[in-house]
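Q: Provide a 3D model corresponding to the input given below.
(2 chains)
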Amino acid sequence: MMGRVVIVGAVQTRYEPRKAHQAINELVYEVVAGLLKQTGVRMQEIDSMVTASQDAWDGKTISSMSVNEVVGAYLKSEAKVAADGIQALIYGAARILAGAFDYTLIVAHCKESEGQPDEITKVMFDPFCERPLGLNDAVAAGLQARRYISVAGIDSRALALVSQKNHRSAKRNPLAQRSGDYSLDEILAAPSFADPLTELMAGPRSDGACALLLASAEKAAAFGDRAVCIAGMGNSTDSYWTDRDLSEAEALRQAAQRAYTKAGISPDQVDVAEISARYAHEELLYGEALGLWKREELSALLAEKNPLRKRTKVNPSGGPITGNPTTVAGLARVAEGYLQLAQLAGDRQVPGAQVAVAHGASGVCGQSQSVVILRRGNA
Amino acid sequence: MAAESWAVHQKIEIPFQYTAGPAVTRFLEGLKDKLIVASVCSKCGRRSVPPLSFCGRCWRPIAEFISVSGEGTLLSFTRRAGGDVLYGMIQLEGTDSSLAHYVTGEVGRLRIGCKVAAVWRAGRTGSILDIEGFREVGN
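A: Predicted coordinates:
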């Protein structure tokens, strides 16, 4: 068992293709102000903040300095991670568990509309043997998707089913960028993204931000059911994408195992899983690595009326395939898990949810993986 | 809130000279002579192309380099919408990693698992582009 750290609030922006009226600091102010309002905590009480942003996406170095005023970091202890925001949350939780702070604010932002994703993501790749070829995130996603479906023995119809399920779920999520009742044929016939992925099997370019507030055990009591316990956390980083089997997610398997062990929870106790799957195949691959199903069960689970529904409800928010920017996507999964357990998820509420798993990934084809397990109540 | 907010357009251009290090230098040098250099970990024996300077699995420096065949197996392929090239992941014979590169040939004919071979460019300069791409050579 871990020591005690709780989440006491979570706020996200609506996710949109282009927030033309908000600069980055205004976007972040929106979620931080919303969080103070939701929790009733005053900025003066918050003594620590960890932000997540990426210089290449913001088009400036030390990108956290664009937001330091609006996260309340003036003369306080601020740190930044240049990876998915879920890693900022894990870092922030460690700050509280160390006994150093009462409250830690976690914020992630990204405006994918400002740069050019296909160009920016080229910079992730090896400059000697890969960049001259023009590889980018979209190409890597297409390569992984085809590899995965081939090894798993499924076809692009399975990817369409994942997309269909998530866009349908997103109809209940007022923050979602894209939602609707798409037919499988519509999804399969949508313009290509990087085959076998179509545009409806890949999350759209998106702008948004997400903020969570973490609190120590002493502070938790005042929040009642609005305090949700972080029961376990796990990280794991794999080899570079060309030096591993892309049809497996071993790092996630390990990260999940660490988190489940710390939490004393097994995958069959999970009510809600929020998986960072920008691309349809990732939900299938990552759900398996999180222990939610076995690969040999996939075909049967996809044929069900509610696809991929064993015990666990997967991505009731719709997930990143319906629109979440990079850097924000994983932290938003924790936010969604929190909202479910605090019974604040509105129309997308999973009744009686007690345990949630949130997942985030960074790097080419999910090189670095993080898992956070949440349990209802602050005990 | 103002109905409109300005967007300021800029372009960042920063020239770099990336230090290739000994393993990648061997690889690039080899390409000039149509050689594909792989690294071999002295502990686990894993052979990687492009070659590695360190084995992350065993956490040790790599000192052995061999040249491997330009033929291999196609592990995957894709085309980015709007792009005119086909990308593939190729596992070269006798190696344990994969190499991303262009695949030439007809899309309809390509299958995962098919055999492919490097097509070399004339006038090689020591670049990954000394290989034009990989073409299918039958199953």
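Q: beta partners of the nearest residue to A:Ile96 once chain neighbours are set aside?
A: Excluding the flanking residues, the one nearest A:Ile96 by Cβ to Cβ, 6 or more residues apart in numbering or on different chains is A:Val5, at 4.5 Å. All C-beta spots, glycine's among them, are computed from the backbone N, C-alpha and C. Beta-bridge pairing for A:Val5 (DSSP bridges): A:Ser216.
Q: next, count neighbours for A:Val5.
A: Neighbours of A:Val5 under the rule other Cβ atoms under 10 Å in any protein chain shown: 23.
Q: in the chain, which spans are helices?
A: Since no chain was named, I'll use chain A. Along chain A, counting by DSSP state H, helices occupy A:24-39, A:55-58, A:85-97, A:117-120, A:137-152, A:156-169, A:184-189, A:217-220, A:250-263, A:280-289, A:298-303, A:329-341.
Q: can you look at chain B instead?
A: Using DSSP H, helices in chain B cover B:21-32.
Q: let me see the mean pLDDT of the lengthiest strand in it.
A: For chain B, the strand with the greatest residue count under DSSP state E is strand B:71-78. The average pLDDT for strand B:71-78 rounds to 97.
Q: next one: it to chain centre, how far?
A: 11 Å (Cα atoms, centre = their mean, to the nearest Å).
Q: do stretch A:161-177 as well
A: On Cα atoms, centre = their mean, the centre of stretch A:161-177 falls 15 Å from the chain's centre.
Q: which residues touch B:Ile131?
A: B:Ile131 makes contact with B:31, B:70, B:101, B:118-121, according to Cβ atoms under 8 Å, 6 or more residues apart in numbering or on different chains.
Q: show the model's pLDDT score for it.
A: 98.
Q: now do B:Ala3
A: So B:Ala3 comes in at 61 (pLDDT).
Q: out of the contacts of B:Ile131, who has the most neighbours?
A: Ranked by neighbours (other Cβ under 10 Å), these are led by B:His101, which has 26 neighbours.
Q: quick check: that one touching B:Leu92?
A: No - here B:His101 lies out of contact with B:Leu92, judged by Cβ atoms under 8 Å, at a distance of 10.3 Å.
Q: just want the residue of chain A that's nearest chain B.
A: Chain A approaches chain B most closely through A:Gly142 (3.0 Å), counting by Cβ to the nearest Cβ.
Q: what about that residue, neighbour count?
A: With other Cβ under 10 Å as criterion, A:Gly142 counts 27.
Q: sheet-wise, list the partners of the longest strand of chain B with their directions.
A: Applying DSSP bridges, you get strand B:87-92 (antiparallel), strand B:115-120 (antiparallel) as the partners of strand B:71-78.
Q: how about the CA coordinates for the last one, as PDB?
A: Taking Å, rounded to 0.1, in the frame of the first residue of the first chain, the C-alpha atoms of strand B:115-120 are listed here in PDB:
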ATOM      1  CA  LYS B 115      10.700 -10.800 -48.500                       C
ATOM      2  CA  VAL B 116      12.200  -7.400 -49.400                       C
ATOM      3  CA  ALA B 117      15.600  -6.300 -50.500                       C
ATOM      4  CA  ALA B 118      17.500  -3.000 -50.400                       C
ATOM      5  CA  VAL B 119      17.700  -1.000 -53.600                       C
ATOM      6  CA  TRP B 120      20.900   1.000 -53.600                       C
END
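Q: tell me which of the helices of chain A sits most buried.
A: helix A:329-341 (a mean of 30; mean count of other Cβ atoms under 10 Å in any protein chain shown).
Q: how far does that helix sit from its chain's centre?
A: The answer for helix A:329-341 is 7 Å, by Cα atoms, centre = their mean.
Q: elements contacting it?
A: strand A:5-12, helix A:85-97, strand A:103-111, strand A:207-216, strand A:228-237, strand A:272-274, strand A:355-362, strand A:368-375 (3 or more Cβ pairs under 8 Å, 6 or more residues apart in numbering or on different chains; DSSP states H and E).
Q: which residues touch the closest residue in space to A:Lys80 that isn't next to it in sequence?
A: Using Cβ to Cβ, 6+ apart and skipping residues adjacent in sequence, the residue nearest A:Lys80 is A:Ser64, 3.8 Å away. For A:Ser64, the contact set (Cβ under 8 Å, 6+ apart) comprises A:51, A:53, A:78, A:80.
Q: at 10 Å instead, please
A: A:49-53, A:55, A:58, A:71, A:73, A:78-82, A:107, A:109 (Cβ atoms under 10 Å, 6 or more residues apart in numbering or on different chains).
Q: bridging residues for the closest residue to chain A within chain B?
A: Residue of chain B nearest chain A, by Cβ to the nearest Cβ: B:Thr78 (3.0 Å). Per DSSP bridges, the residues bridged to B:Thr78 are B:Tyr87.
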